[in-house]
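In: need coordinates for the below:
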Amino acid sequence: MLNIDDVRAVPLFSTLGAAQLQCLAETAADIRLEPGDYAVYEGGERALFAVLTGRIEVVKLVEGIERHLGWRQPGSIFGEIPIVFGTVFQGSFRAAEASRVMRVDPRWYFTIASQAPEISEQLGAMARDRISGLQGLAAQPPKSRLTLVGHRWDTLCSDLRRFLGRNQVTFDWITRDSPDLAAKWPGLDAADGDEAVARLEDGMVLKRPTARVLAQALGLQTRPRQTEYDTVIIGGGPAGLAAAVYGASEGLSTVVVEREAPGGQAGTSSRIENYLGFPSGVSGDELAIRALQQARRLGAEILVTRSVNGMDLEKREVRLDGEEVIRARTIVLATGVSWRRLNLERFDKLIGKGIYYGAARSEAGITHGLDVHLIGAGNSAGQAALHFANYARTVNLLVRGDSLEKSMSRYLIEQLARKSNVIAQLHSEVQAVHGDTNLTAIDVRGPGGKVSRQECGGLFVFIGADADTEWLPEEIARDQRGYVLTGSDVVKAANWSHKRDPYLLETSVPGVFACGDVRLSPVKRVASAVGEGSMAIALIHQYLALEGRA
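Out: Residues are numbered from 1 along each chain as shown. Predicted coordinates for the structure are as follows:
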């Protein structure tokens, strides 16, 4: 508990009267931190802190990389910018050694400041000094972690750029024919010819690296640290990340296995306008990276570039690619769905060379000044069209039906109508694609069956998705389209032989749960996936308690 002497030892408060010091001593929190503990995280609600003993490190995530900004020693203040400017914390503050800090709630700070105006003057001066330093940091160009060189239409380069973008890795991309190549990469071996090459910060050069090799070189986690976990979550989309956050926060040893990058299909959404708590909308990758940071901070392990090859449900073993095996007390299936494929001649050969499934924000740059086409009439297509309209010359929505109203939310339709370069082509579908090294044009059949050839600088496909569950053991019941049955649907399908009823999200195998889009459910929303991910952890606790394994 704080006393007057503790408060008086802070220079900012040293001139206060006895009554004011006593008020702070009685209302401020007395926080004791072990090394590595956080006093407040970046984005935390405003408050004023003072260091009493120990040492506090200031860190901030810049382009996905943690940057050290400074220290706070005994007697120093932090939180002056949030208090003065009414913002959240712009950085995180954690103990470098055993420390003690006091936390003053804004209400009590302003009460004291109204009685002692010199306090607010001093704090305002501190805030102005601090914010000038942050402005200098913001003005610095982002530091690239690697340079990637290759041909514009190299499929491997396209895959690696998407992988890096979705994993929040800052990189420089240079085409082989760029006039800046020699300046940006002096001494690049011309003998490499057309090969894709990556150079890391430390000078390591990788020729045609796979995503796994690149992830390992960048220090991303690709291997589990343990051999057994309370829960293994398969899939790192919104449902899987939510399960990871709640599992780790509630004391379960938790690992997520993700074959590409956290975020799932939602991570390719350029804008989600109707997610609770984000009044201005949020991109799919921004939502994913926030959830990823939260899950890791709470102790969950996130493996990227790893796939599950199979499971031994009797032994509760999950077999990863490379024959690595981890044991799981419980399993959560959160694999989501995969984009439905178009069956057209030469279509697959041009994927990554002008044709793409979904659309991440990082791909907007390739549409600059071009005429692009999007196939689909759902919300994902509408969100991408709005985003691309800020870059492309024209954005053409190819819609098989007679209107957008049947499948797209009203708010998206209204926003699209205000974009003069967005064109909805109704009763239209792609008949053929053209191009040798890259997509150049498409044939579109329009109203009345008339076919026209249209120049196309990019074709993005949003025609729905299917469950990718063929790899699951036959003991896990699915419907005809591959969606996993849970709860009462398992009972209706006569796939449950246990004495008790299955839990709401439990599959036909006790202790194996499913959540998100992979689960048979009429609702396919990011918000429902997040809710189911958190609910799965609550049901896992019930399962472990009931089975006597908690």
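
In: all helices for the stretch 251-400 of the chain, in order.
Out: Listed in chain order, the helices of the stretch 251-400 of the chain (DSSP state H, counting those that start in this stretch) span 284-297, 379-388.

In: and those, which one is worst for confidence?
Out: For these, mean pLDDT drops lowest on helix 284-297, to a mean of 85.

In: next, the buried residues of that helix.
Out: Neighbour-count burial for helix 284-297 flags 284-289, 291-296 (criterion: 16 or more other Cβ atoms under 10 Å). Heads up, the C-betas are built off the backbone N, CA and C, glycines and all.

In: from the chain's centroid, how far away is that helix?
Out: 4 Å (Cα atoms, centre = their mean, to the nearest Å).

In: as TSV, the helices of the stretch 251-400 of the chain with distance to residue 256 would be great.
Out: Below are these laid out as TSV (distance: least, Cβ to Cβ, whole Å):
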stretch	distance to residue 256
helix 284-297	7
helix 379-388	23
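
In: of all those, which lies closest to residue 497?
Out: Ranking these by proximity to residue 497 (Cβ to Cβ) places helix 284-297 first, at 34.4 Å.

In: against residue 357, how distant is residue 372?
Out: 14 Å (Cβ to Cβ, to the nearest Å).

In: who's more crowded, these two?
Out: Ranked by neighbour count (other Cβ atoms under 10 Å), residue 372 and residue 357 place residue 372 first, with 25 against 20.

In: what's the nearest residue to the more buried one if we skip its chain neighbours?
Out: Using Cβ to Cβ, 6 or more residues apart in numbering and skipping the chain neighbours, the partner closest in space to residue 372 is residue 458 (4.1 Å).

In: give me the neighbour count for the one you found.
Out: 22.

In: hang on, the earlier thing: now for the buried residues of helix 284-297: which two are most distant?
Out: Among those, the pair separated by the greatest distance (Cβ to Cβ) is 284 and 296, at 18.5 Å.

In: can you count the residues close to residue 370?
Out: Neighbours of residue 370 under the rule other Cβ under 10 Å: 17.

In: what about the closest residue to it other than its chain neighbours, how many residues nearby?
Out: Closest residue to residue 370 apart from its sequence neighbours, by Cβ to Cβ, 6+ apart: residue 457 at 2.8 Å. Neighbourhood size, residue 457 [other Cβ under 10 Å]: 20.

In: surely residue 457 touches residue 391?
Out: No - applying Cβ atoms under 8 Å, one finds residue 457 not in contact with residue 391, separated by 10.5 Å.

In: what sits in contact with each of these two?
Out: Both residue 457 and residue 391 are contacted by residue 367, under the criterion Cβ atoms under 8 Å, 6 or more residues apart in numbering.

In: for residue 61, what are its contacts?
Out: Residue 61 makes contact with 42, 67, 293 under the criterion Cβ under 8 Å, 6+ apart.

In: show me where pLDDT drops low in the stretch 101-250 of the chain?
Out: Counting by pLDDT under 70, the stretch 101-250 of the chain contains low-confidence residues at 133-142, 189-194.

In: ranges for the helices of it?
Out: Here the stretch 101-250 of the chain has its helices, by DSSP H, counting those that start in this stretch, at 106-115, 117-139, 155-166, 181-184, 211-218, 238-249.

In: just the C-alphas of the last one, formatted as PDB.
Out: Going back to what we said before, that points to helix 238-249. The C-alpha coordinates for helix 238-249 follow below in PDB (Å, rounded to 0.1, in the frame of the first residue of the first chain):
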ATOM      1  CA  PRO A 238     -10.500 -15.800 -36.500                       C
ATOM      2  CA  ALA A 239     -12.000 -18.900 -34.800                       C
ATOM      3  CA  GLY A 240      -8.600 -20.500 -34.200                       C
ATOM      4  CA  LEU A 241      -7.000 -17.300 -32.900                       C
ATOM      5  CA  ALA A 242      -9.900 -16.700 -30.600                       C
ATOM      6  CA  ALA A 243      -9.600 -20.200 -29.200                       C
ATOM      7  CA  ALA A 244      -5.800 -19.600 -28.800                       C
ATOM      8  CA  VAL A 245      -6.400 -16.300 -26.900                       C
ATOM      9  CA  TYR A 246      -9.000 -17.800 -24.500                       C
ATOM     10  CA  GLY A 247      -7.100 -21.100 -24.100                       C
ATOM     11  CA  ALA A 248      -3.800 -19.500 -23.200                       C
ATOM     12  CA  SER A 249      -5.400 -16.900 -21.000                       C
END
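
In: the inter-axis angle of that helix versus helix 284-297?
Out: Put simply, helix 238-249 runs at 20 degrees to helix 284-297, going by axes from the mean of the first three to the mean of the last three Cα atoms, to 10 degrees.

In: same question for the fifth one.
Out: Compare the direction of helix 211-218 with that of helix 284-297 by the same axes, to 10 degrees and you get 60 degrees.

In: which residues touch helix 211-218?
Out: With contact meaning Cβ under 8 Å, 6+ apart, helix 211-218 is reached by 145-146, 159-160, 163-164, 167, 169, 198, 200, 204, 206, 209, 222, 260, 304-306.

In: swap the cut-off to 6 Å and go again
Out: Contact with helix 211-218 is made by 163, 200, 222, 304-305, as judged by Cβ atoms under 6 Å, 6 or more residues apart in numbering.

In: got it, and the third one?
Out: If you take Cβ under 6 Å, 6+ apart as the criterion, helix 155-166 is touched by 150, 171, 196, 211, 261, 267, 285, 352, 360, 362.

In: state the distance from the third one to residue 357.
Out: Between residue 196 and residue 357 the computed distance is 21 Å (Cβ to Cβ).

In: residue ranges with poor pLDDT in the stretch 351-500 of the chain?
Out: Using pLDDT under 70, the stretch 351-500 of the chain drops low at 360-362.

In: export the contacts of residue 61 as CSV, with columns for distance to residue 401.
Out: As requested, the contacts of residue 61 are exported to CSV (distance: Cβ to Cβ, whole Å):
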residue, distance to residue 401
42, 45
67, 49
293, 40
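
In: so which of those comes closest to residue 278?
Out: Closest approach to residue 278 among those (Cβ to Cβ): residue 293, at 15.9 Å.

In: which residue sits closest to that closest one, ignoring its sequence neighbours?
Out: Nearest one to residue 293, counting by Cβ to Cβ, 6+ apart, is residue 61 at 7.4 Å.

In: same question, residue 378
Out: Closest residue in space to residue 378, ignoring its immediate chain neighbours: residue 407 at 5.1 Å, by Cβ to Cβ, 6+ apart.

In: the one you found contacts residue 376, correct?
Out: No - counting by Cβ atoms under 6 Å, residue 407 does not reach residue 376; the two are 8.4 Å apart.

In: who's more crowded, these two?
Out: The residue with more neighbours, out of residue 407 and residue 376, is residue 376; 23 against 15, by other Cβ under 10 Å.

In: contacting residues for the residue nearest to residue 372?
Out: When contacts are counted by Cβ under 6 Å, 6+ apart, residue 458 touches 354, 367, 372.

In: and if you look at residue 99?
Out: The contact partners of residue 99, by Cβ under 6 Å, 6+ apart, come to 33, 54.

In: need phi/psi at it.
Out: phi -140, psi 160 (degrees, to the nearest 10).

In: do the same with residue 518
Out: phi -70, psi -20.

In: ok, how many other residues are close to it?
Out: Per other Cβ under 10 Å, the neighbour tally for residue 518 reads 27.

In: that one and residue 212, how far apart?
Out: From residue 518 to residue 212 the distance is 23 Å (Cβ to Cβ).

In: related to what we said a few turns ago, between the buried residues of helix 284-297, which is closest to residue 246?
Out: residue 295 (9.3 Å).
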